[in-house]
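[1] give me the fold of what follows.
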Amino acid sequence: MLLTREGRRPVPTILQSGQELVALDDVAKLFQVTVREDTLAGGVTVSYKGRSVVASPDQPMASVNGRLVSLPSAAVRIGNRWYLPVEFLGRALAPIYDVPIELRKPSRLVIVGTLRVPRVTARIDSVGPPTRVTIDIVPAAPGSTSHDGSRVLVRIDADAIDATLPPQGGGLVEQIRTGDQPTVLVVQLRGAGPPNVSTSPIGGGSRMTLDIPAAGTQTTPEPPAPLPAEPAPPPPQLTTPRVALATMVIDPGHGGEESGARGSGGAIEKQLTLDVARRAKTLIETRLGIRVLLTREDDRRVSPDERAAAANNSKADVFISLHANAAFVPSVSGAEVFYLSLDPEMEAARREAQSQSASLPVLGGGWRSIDVIRWDMAQARHVESSAVLAQLLEEELRSRVPLGPRPLQQAPQRVLVGVNMPAALIEMAYLSNAAQARQAASAEFQTGIAQAIYDTVLRFRSHLEAQP
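    Numbers count the residues shown, from 1 in each chain. From the prediction side, this is the model:
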């Protein structure tokens, strides 16, 4: 099943020698790609917006813009149609496409675009009564329930759900199935009363627990296993737990008439930064549940002030800007990470912001004190946190892509100055280096950068949560 913003469409497949195959003419209709048979070479070419994939019936692999990727089986012609294994969609088509493509083969889903499709796993932990149903949602997504006597409807706040359900019921639960709507689970009951519902966080997601009593009785959720005796906790405080990192902004550098650096093989900085930003956004949103905004979604010019304003207006908790470098000496190569350096004026502004405030009247009487700082010096107050963010980025990049001789630096980067949150800038590669330009154009390199950003965000969130 193909999931897009426009809805669901079936993807026809066939089985051939134990492999599930998809016809390339169906791929052409679903993804608006061009398929051309090469009668001389005996293969087939799939093209999209100037990028191409070449597959051959001789080898179980494909050439993606000149880079080889493996496939479970080779291309095969059956009648007048060419077929490739369904893994082709995620391994070969995704790197040349302009929006993310994720193949979830066990779930028989192909997700196109930045959809929120959490994995939802339901199970019956206790037949009871009361019968306990546990529903895990990864990454975390809000859920709600409603009870109409014979069933419980569980609604997940997402674009769709990737559901794994028990094959049969148990206890007071007759069946758990998906509903008519793509984000609803139906828990069919027999002789049951209204459930007690509780939620709790789990690693990387959330858990919903339904304790279902027999009709005419009431029950409370089973307590967790007893812990060793501890001193009585202090009285509860009327506070809301702090969410350390809920929103982040990824800034694909350049755009429009500002192409940025160019490589000898055709690599362009503005396209490289956008491709990596989309990959990182998909990883972080689907796995961590963090809202990720891009300062540009397409090929258009965005000024540094507009980029900072987009991050500040969205109240983002982290800002990461993506760029590629160039040098007069072609041998220079390697990724670099920057965070803002403070000149004397910015250092003074930071001290002033820490020591001065303004007072504003509050509805109902009284006054409220607020910090005041010039917007173009907003980053000054976050420089220590930005240093931590930059250090984590450098550490994660080190294991995935080549680094330059000075991989971590401070510099007065214009785009970082007005950002009112921890911020760092990555120069991913030197496109003036021919070998590195070719490497930067590969899906492997771009995925490595995106994975490094994902791991950095995961570690930086833990750092923020540890702060008082």
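[2] where in this protein is pLDDT low?
    40-42, 217-243, 342-379, 468 (pLDDT under 70).
[3] biggest helix in it by residues?
    Ranked by residue count and defined by DSSP state H, the top helix of the chain is helix 443-465.
[4] show me where the stretch 351-468 of the chain has helices.
    383-398, 434-440, 443-465 (DSSP state H, counting those that start in this stretch).
[5] what about stretch 254-273, start to end distance?
    8 Å (C-alpha to C-alpha, to the nearest Å).
[6] quick check: buried residues in that stretch?
    Buried residues in stretch 254-273, counted by 16 or more other C-beta atoms under 10 Å: 254-255, 260-263, 267-273. No exception for glycine: its C-beta is placed from N, CA and C like everyone else's.
[7] who does the longest helix of the chain touch, helix- and strand-wise?
    strand 67-70, helix 269-288, strand 318-325, helix 383-398, strand 423-430 (3 or more C-beta pairs under 8 Å, 6 or more residues apart in numbering; DSSP states H and E).
[8] could I get it in CSV with only the CA atoms?
    What follows is helix 443-465, C-alpha atoms only, in CSV (Å, rounded to 0.1, in the frame of the first residue of the first chain):
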residue,chain,number,x,y,z
ALA,A,443,22.8,8.6,-1.0
GLU,A,444,25.3,6.8,1.4
PHE,A,445,27.0,10.1,2.3
GLN,A,446,23.8,12.1,2.6
THR,A,447,22.2,9.4,4.8
GLY,A,448,25.4,9.4,7.0
ILE,A,449,25.0,13.1,7.6
ALA,A,450,21.3,12.8,8.3
GLN,A,451,22.0,9.9,10.8
ALA,A,452,24.7,12.0,12.5
ILE,A,453,22.2,14.8,13.0
TYR,A,454,19.6,12.4,14.3
ASP,A,455,22.1,10.9,16.9
THR,A,456,23.2,14.4,17.9
VAL,A,457,19.6,15.5,18.5
LEU,A,458,19.0,12.4,20.6
ARG,A,459,22.1,13.1,22.7
PHE,A,460,21.5,16.8,23.0
ARG,A,461,17.9,16.2,24.1
SER,A,462,19.3,14.1,27.0
HIS,A,463,21.8,16.9,27.8
LEU,A,464,18.9,19.4,28.0
GLU,A,465,16.8,17.1,30.1
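[9] what angle do that helix and helix 269-288 make?
    Relative orientation of helix 443-465 and helix 269-288, computed by axes from the mean of the first three to the mean of the last three C-alpha atoms, to 10 degrees: 50 degrees.
[10] in helix 443-465, what counts as buried?
    Neighbour-count burial for helix 443-465, counted by 16+ other C-beta under 10 Å, picks out 443, 445-461, 464.
[11] got the contact list for residue 423?
    311, 318, 319, 320, 321, 339, 340, 379, 382, 386, 389, 416 (C-beta atoms under 8 Å, 6 or more residues apart in numbering).
[12] residues contacting residue 151?
    Here residue 151 is in contact with 186, 187, 188, 189 (criterion: C-beta under 8 Å, 6+ apart).
[13] can you tell me how far the last one is from residue 121?
    In this case it means residue 189. Using C-beta to C-beta, to the nearest Å, one gets 20 Å for the distance from residue 189 to residue 121.
[14] quick revisit: tell me which of the buried residues of stretch 254-273 is nearest to residue 145?
    Closest to residue 145 out of the buried residues of stretch 254-273 is residue 273 (42.5 Å), distances taken as C-beta to C-beta.
[15] gap between that closest one and residue 260?
    Distance from residue 273 to residue 260, by C-beta to C-beta: 8 Å.
[16] repeat that for residue 54.
    29 Å.
[17] tell me how the chain divides into domains.
    2-112, 119-212, 247-465 (automatic domain parsing).
[18] wait, residue 153 touches residue 146, no?
    Yes - with contact defined as C-beta atoms under 8 Å, residue 153 counts as touching residue 146 (4.9 Å).
[19] quick one, which of those two is more surrounded?
    Set side by side, residue 153 and residue 146 show more neighbours around residue 153, with 15 against 10, by other C-beta atoms under 10 Å.
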